[in-house]
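Novice: Give me coordinates for this.
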Amino acid sequence: MTSLILSHQLIIAVQTQKKELKERIEASVLSMPSNISLHAFLYKSQIMQFVDRTSFGYLGAIGLIFLLFSVINMIGNIETSFNDIWKIKKSRPAFRKFTDYTSMMFIFPILLLASTTITATLTNEKLITLFDHVGFGKLYLSMLGLFLPVIALWAAFISVYVFLPNTRVKALPGIIGGVIGGTFFLSTPVLLF
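Specialist: Residues are numbered from 1 along each chain as shown. Prediction:
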């Protein structure tokens, strides 16, 4: 979902930057030494015609399709790895792959985004004041800020471990795997830096 939003914003930005692109090309041609700039001026009109004919919306759509294909391919590779771990020989049908992978494309980024924004939300001054008036201290708020992002991250990994393999995964192994995987994911920056 996040990648789709970023792609849409990129398409809009590129469409509005067509004029700036032309100005940059012209400025770079003008800044060239005189013996090179003469040849560059000859090709400048061809370059400008190419920029005018370029459909940035079409180019963005191709990029979006490529992005979706890459994400679905990556999720398919993850499913294959999980199926190897659980010793599942057959893959799920194509329609079910599409529906399950699409669900994962939306659920996982939302939970990851939730895990990163909960801390910022809980440090909001108005929320801190509200919690102080209600009777919850800053300790309670800091504990929420510590555990809620971790729980959201665990939920993201649990959903991957439970729903992605082409078999019925029991709840307890899925939860344990999600908690361990999420904890490793969370501790990687701490261990590396």
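Novice: where in this protein is pLDDT low?
Specialist: The model of the chain has pLDDT under 70 over residues 1-19, 21-22, 29-42, 44, 136-142.
Novice: If we use 50, what do you get?
Specialist: Low-confidence segments of the chain, defined by pLDDT under 50: 1-2.
Novice: Could you break it into its assigned domains?
Specialist: Listed domain ranges for the chain are 2-53, 94-192 (source: automatic domain parsing).
Novice: for the helix or strand hosting E79, the distance to its chain's centre please.
Specialist: If you go by DSSP states H and E, E79 is part of helix 56-85. Computed by Cα atoms, centre = their mean, to the nearest Å, the chain-centroid distance of helix 56-85 equals 12 Å.
Novice: which helices and strands does the helix or strand following that helix pack with?
Specialist: Per DSSP H and E, helix 56-85 leads on to helix 94-122 as the next helix or strand towards the C-terminus. Helix 94-122 is packed against helix 2-16, helix 56-85, helix 138-163, with contacts defined by 3 or more Cβ pairs under 8 Å, 6 or more residues apart in numbering; DSSP states H and E. Bear in mind the C-beta positions are built from the backbone N, C-alpha and C, glycine included.
Novice: if we can go back for a sec, need the domains of the chain in CSV with mean neighbour count, can you?
Specialist: Formatted as CSV, these follow (neighbours: other Cβ atoms under 10 Å):
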stretch, mean neighbour count
domain 2-53, 12
domain 94-192, 15
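Novice: Nearest to S81, out of those domains?
Specialist: Closest to S81 of these, according to Cβ to Cβ: domain 94-192, at 9.2 Å.
Novice: how about the helices and strands packed on helix 94-122 in JSON lines, adding distance to A27?
Specialist: Converted to JSON lines, those look like this (distance: least, Cβ to Cβ, whole Å):
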{"stretch": "helix 2-16", "distance to A27": "18"}
{"stretch": "helix 56-85", "distance to A27": "20"}
{"stretch": "helix 138-163", "distance to A27": "46"}
